[in-house]
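Novice: What follows is a protein structure lacking sequence information:
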Ligand code: NAP
Ligand code: HSE
């Protein structure tokens with residue numbers, strides 16, 4: 001048997017501890033499959049004494065992950081600490097520059113520095129693998145980097161954050177409040193160290209930025225994403241959506257338009273009968289529209305220690321199976337220096353359906369006024385529903401809820417119509433506007 005693949009793991013939290021346990025429990029099986037054993041020879045974490053539920057007493061401990069990356073006698077540096085800056089950035093860059101392969105689950109790091117790190121990896125002739133960084137255990141990076149080569153991709157979209165999908169699902173089931181659902185997602189190990197990254201959509205945006213680069217061959221552009229999270233979504237929105245045949249999902253969407261690439265992350269109404277509407281709990285789903293293949297939908301566990309460790313393990317096994325001297329494919333599907341500049345499409349020119357929920361004063365003329373603002377802005381309505389009182393809270397006689405569902409229209413027109421409605425003085429609450437996505441066959 002050839003030499004063992006020696007790895008160093010920086011980060012022994014939810015993902016790192018799961019990975020270490022699986023590598024130890026399945027040591028012999030992995031050695032058979034890969035043709036050589038995978039050995040953990042060094043680890044790093046903040047607290048050396050913490051019980052990780054796995055015996056690592058025989059493994060060298062480094063307080064400094066950069067030192068591990070630079071000095072430990074390892075073939076692969078596995079980064080599972082998180083964070084877009086140091087020490088993760090310095091450690092991964094150091095490992096790659098010293099000719100060590102790197103594996104990471106860190107989408108924040110890749111969204112911000114992925115191209116720079118890809119250049120270092122390609123110059124050093126080593127691999128930078130990151131399957132676990134997007135959609136947890138779903139093998140979406142492999143599919144896009146390898147299996148879809150030669151296809152023109154027009155759109156990639158999906159549910160990319162397990163925490164948000166878990167919260168929306170549990171709220172709809174009616175059991176728990178937003179706050180309690182988030183607490184439970186944290187307890188289950190789904191949420192980021194700072195969960196505002198999940199609920200405000202940043203985590204989905206990081207993942208979407210990586211998928212956009214793979215889909216369209218452009219440089220990663222994490223700041224050019226229209227971003228709205230789910231913290232604004234109330235149980236009333238979820239019930240109103242249900243009433244009209246929709247479910248609310250936090251989607252990340254990247255799509256080619258005539259003026260550039262549109263990247264957006266926002267709560268979205270999807271028809272109840274669509275496949276994506278059925279994706280519940282921590283499950284993620286990624287849909288790709290490709291010209292040779294057609295429509296592809298992959299779904300599976302999007303967060304959690306074992307699901308994520310499964311993807312990291314796949315990346316490690318790929319490296320273990322490589323013969324010495326083997327040429328490695330480019331990190332982002334094509335050589336990093338050839339990635340094209342990202343050209344952003346303006347969000348105001350986004351075209352689609354909209355759900356608009358308004359709490360209005362219950363008086364004559366309001367309904368006609370709403371209809372007039374819609375028609376003045378060229379917006380055609382698919383449906384208009386009135387309910388007494390604030391939605392889901394019963395009638396008071398003073399308020400009424402009006403829900404407008406539009407046909408495809410321009411974002412700029414909707415914003416203008418809502419602005420005019422707001423200035424007419426009869427709204428009782430902030431208007432709620434949620435985009436509708438018709439996911440083709442997905
Ligand atoms: P976590 O539970 O918070 O674990 C982070 C680990 O990194 C801890 O062991 C911590 O040490 C260690 N660490 C933090 N700063 C360090 C430093 N300066 N030096 C050395 N070690 C340091 O995080 P996680 O959930 O496992 O996530 C790890 C990475 O995977 C993140 O990039 C995350 O976005 C990504 N990811 C997570 C999931 C998931 O479901 N959890 C899924 C996909 C991707 P201590 O334990 O001693 O504090
Ligand atoms: N916090 C992330 C999520 C982890 O909930 O999806 C997986 O990337």
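Specialist: That came in fine, so what should we check first? Bear in mind that the values here come from a model prediction, so they are computed numbers and not experimental data. Ligands and ions are numbered 1, 2, ... in the order given.
Novice: When you work out contacts or count neighbours from here on, use the C-alpha atoms and nothing else.
Specialist: Will do.
Novice: Could you check which helix or strand contains the closest residue in space to residue 182 that isn't next to it in sequence?
Specialist: Using C-alpha to C-alpha, 6 or more residues apart in numbering and skipping residues adjacent in sequence, the residue nearest residue 182 is residue 167, 6.3 Å away. Assessed by DSSP states H and E, residue 167 sits inside helix 162-173.
Novice: ditto for residue 360
Specialist: If you go by DSSP H and E, residue 360 is part of strand 351-361.
Novice: tell me which residues of that strand are tucked away?
Specialist: Within strand 351-361, the residues scored as buried using 16 or more other C-alpha atoms under 10 Å are 353, 354, 355, 356, 357, 358, 359, 360, 361.
Novice: Report the separation between residue 406 and residue 269.
Specialist: 12 Å (C-alpha to C-alpha, to the nearest Å).
Novice: Which neighbours do those two have in common?
Specialist: Shared contacts of residue 406 and residue 269 (C-alpha atoms under 8 Å, 6 or more residues apart in numbering): residue 355.
Novice: quick one, which of those two is more surrounded?
Specialist: Between residue 406 and residue 269, counted using other C-alpha atoms under 10 Å, residue 269 has the larger neighbour count: 27 against 21.
Novice: Help me confirm that the more buried one is found in a strand?
Specialist: Yes - under DSSP: H, G, I helix; E, B strand; the rest coil, residue 269 sits within a strand.
Novice: per-domain residue ranges of the protein.
Specialist: As recorded under automatic domain parsing, the domains making up the chain are 5-137+305-338, 147-301, 354-436.
Novice: ok, which stretches of this structure are helices?
Specialist: Using DSSP state H, the helices of the chain run over residues 14-25, 27-34, 65-71, 88-97, 107-124, 140-142, 162-173, 178-187, 196-199, 202-216, 235-243, 305-321, 366-376, 411-422.
Novice: looking at those, which is closest to ligand 2?
Specialist: Closest approach to ligand 2 among these is made by helix 162-173 (3.7 Å; C-alpha to the nearest ligand atom).
Novice: for that closest one, packing partners?
Specialist: The contact analysis (3 or more C-alpha pairs under 8 Å, 6 or more residues apart in numbering; DSSP states H and E) places helix 162-173 against helix 178-187, helix 196-199, helix 235-243, strand 246-257, strand 283-290.
Novice: One more pass at 10 Å, please.
Specialist: Applying 3 or more C-alpha pairs under 10 Å, 6 or more residues apart in numbering; DSSP states H and E, one finds that helix 162-173 contacts helix 178-187, helix 196-199, helix 202-216, helix 235-243, strand 246-257, strand 283-290.
Novice: Serialize the ones you listed to CSV and add fields for mean neighbour count, mean pLDDT and distance to ligand 2.
Specialist: Formatted as CSV, the helices and strands packed on helix 162-173 follow (neighbours: other C-alpha atoms under 10 Å; pLDDT from 0 to 100; distance: least, C-alpha to the nearest ligand atom, whole Å):
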stretch, mean neighbour count, mean pLDDT, distance to ligand 2
helix 178-187, 17, 95, 8
helix 196-199, 20, 97, 6
helix 202-216, 26, 98, 7
helix 235-243, 18, 90, 20
strand 246-257, 24, 96, 11
strand 283-290, 23, 97, 8
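Novice: With distance to ligand 1 as added columns, please give those in JSON lines.
Specialist: What follows is these, written out as JSON lines (distance: least, C-alpha to the nearest ligand atom, whole Å):
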{"stretch": "helix 178-187", "distance to ligand 1": "9"}
{"stretch": "helix 196-199", "distance to ligand 1": "10"}
{"stretch": "helix 202-216", "distance to ligand 1": "8"}
{"stretch": "helix 235-243", "distance to ligand 1": "25"}
{"stretch": "strand 246-257", "distance to ligand 1": "16"}
{"stretch": "strand 283-290", "distance to ligand 1": "11"}
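Novice: Turn these into JSON lines, columns for distance to residue 122.
Specialist: Conversion of the helices and strands packed on helix 162-173 to JSON lines gives the following (distance: least, C-alpha to C-alpha, whole Å):
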{"stretch": "helix 178-187", "distance to residue 122": "36"}
{"stretch": "helix 196-199", "distance to residue 122": "30"}
{"stretch": "helix 202-216", "distance to residue 122": "16"}
{"stretch": "helix 235-243", "distance to residue 122": "47"}
{"stretch": "strand 246-257", "distance to residue 122": "26"}
{"stretch": "strand 283-290", "distance to residue 122": "27"}
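Novice: List the buried residues of stretch 133-147.
Specialist: For stretch 133-147, burial by neighbour count (16+ other C-alpha under 10 Å) applies to 133, 134, 135, 136, 137, 138, 139, 140, 141, 144, 145.
Novice: near ligand 1 too, which of the residues you listed?
Specialist: 133, 136 (C-alpha under 6 Å from any ligand atom).
Novice: Is the helix holding residue 167 positioned near ligand 2?
Specialist: Yes - using C-alpha under 6 Å from any ligand atom, helix 162-173 reaches ligand 2 at 162, 163.
Novice: Please report how far the most far-flung residue of the chain relative to its centre lies from ligand 2.
Specialist: Here the centre of the chain is the reference, and by C-alpha atoms, centre = their mean the most remote residue is residue 364, at 45.2 Å. Separation of residue 364 from ligand 2 (C-alpha to the nearest ligand atom, to the nearest Å): 46 Å.
Novice: residues from the stretch 201-350 of the chain in reach of ligand 2?
Specialist: 302, 303.
Novice: can you rerun that using 5 Å?
Specialist: Contacts of the stretch 201-350 of the chain with ligand 2, taken as C-alpha under 5 Å from any ligand atom, map to residue 303.
Novice: Close to ligand 1: what parts of the stretch 201-350 of the chain are there?
Specialist: 303, 304.
Novice: Where does the stretch 251-400 of the chain get nearest to ligand 2, residue-wise?
Specialist: Of all residues in the stretch 251-400 of the chain, residue 303 sits closest to ligand 2, at 4.1 Å by C-alpha to the nearest ligand atom.
Novice: Who are the contact partners of that residue?
Specialist: Going by C-alpha atoms under 10 Å, 6 or more residues apart in numbering, residue 303 touches 15, 132-138, 160-163, 185, 188-192, 282-284, 309.
Novice: Pull out the buried positions in the helix holding residue 167.
Specialist: 162, 163, 164, 165, 166, 167, 168, 169, 170, 171, 172.
Novice: For those, give me TSV that also has pLDDT and distance to residue 113.
Specialist: Output for the buried residues of helix 162-173, formatted as TSV (pLDDT from 0 to 100; distance: C-alpha to C-alpha, whole Å):
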residue	pLDDT	distance to residue 113
162	98	23
163	98	24
164	98	25
165	98	27
166	97	29
167	97	30
168	97	31
169	96	33
170	95	35
171	93	35
172	91	37
